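J.: build the 3D model from these lines:
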Amino acid sequence: MAKMNVSLDPDVRAELNRLIPARQRSRVVNEALRRELLRLKREEAAARLRRLRGTAATLTADEIIAAVRSDRWRA
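T.: Numbers count the residues shown, from 1 in each chain. Below is the predicted model:
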């Protein structure tokens, strides 16, 4: 695991120190950061999908059914 220096707001640091035992703080911060990065990646993906939705062709239900049926026979 790589080390990194970060700055915390004093109130966040105080709560971290109060609630999390010393030997577990890195793990807790790492897990929280991992969750936040995943949330940001999901937001980014959703934004890309919204942009694509505006440019994608609209298919009718019959066209979708026909495509699914023809795809079943390819395998």
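J.: so in the protein, which helix runs the longest?
T.: Determined from DSSP state H, the single longest helix within the chain is helix 25-55.
J.: for it, buried residues please.
T.: Residues of helix 25-55 include none that count as buried (16 or more other Cβ atoms under 10 Å). (C-beta placed from N, C-alpha, C; glycine too.)
J.: next secondary structure element downstream of it?
T.: Sequence-wise, the next helix or strand downstream of helix 25-55 (DSSP states H and E) is helix 61-72.
J.: report the mean per-residue pLDDT for that following helix.
T.: Throughout helix 61-72, pLDDT has a mean value of 90.
J.: residue numbering should commence at 44 henceforth.
T.: With 44 as the first residue, the last one maps to helix 104-115.
J.: convert it to PDB, retaining C-alpha atoms only.
T.: Presented in PDB, the C-alpha positions along helix 104-115 are these (Å, rounded to 0.1, in the frame of the first residue of the first chain):
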ATOM      1  CA  ALA A 104     -41.100  -2.900 -29.500                       C
ATOM      2  CA  ASP A 105     -41.500  -5.000 -32.700                       C
ATOM      3  CA  GLU A 106     -37.900  -4.100 -33.800                       C
ATOM      4  CA  ILE A 107     -36.500  -5.100 -30.400                       C
ATOM      5  CA  ILE A 108     -38.400  -8.400 -30.400                       C
ATOM      6  CA  ALA A 109     -37.200  -9.100 -33.900                       C
ATOM      7  CA  ALA A 110     -33.600  -8.300 -32.900                       C
ATOM      8  CA  VAL A 111     -33.700 -10.500 -29.800                       C
ATOM      9  CA  ARG A 112     -35.300 -13.400 -31.800                       C
ATOM     10  CA  SER A 113     -32.700 -13.200 -34.600                       C
ATOM     11  CA  ASP A 114     -29.900 -13.000 -31.900                       C
ATOM     12  CA  ARG A 115     -31.100 -16.200 -30.300                       C
END
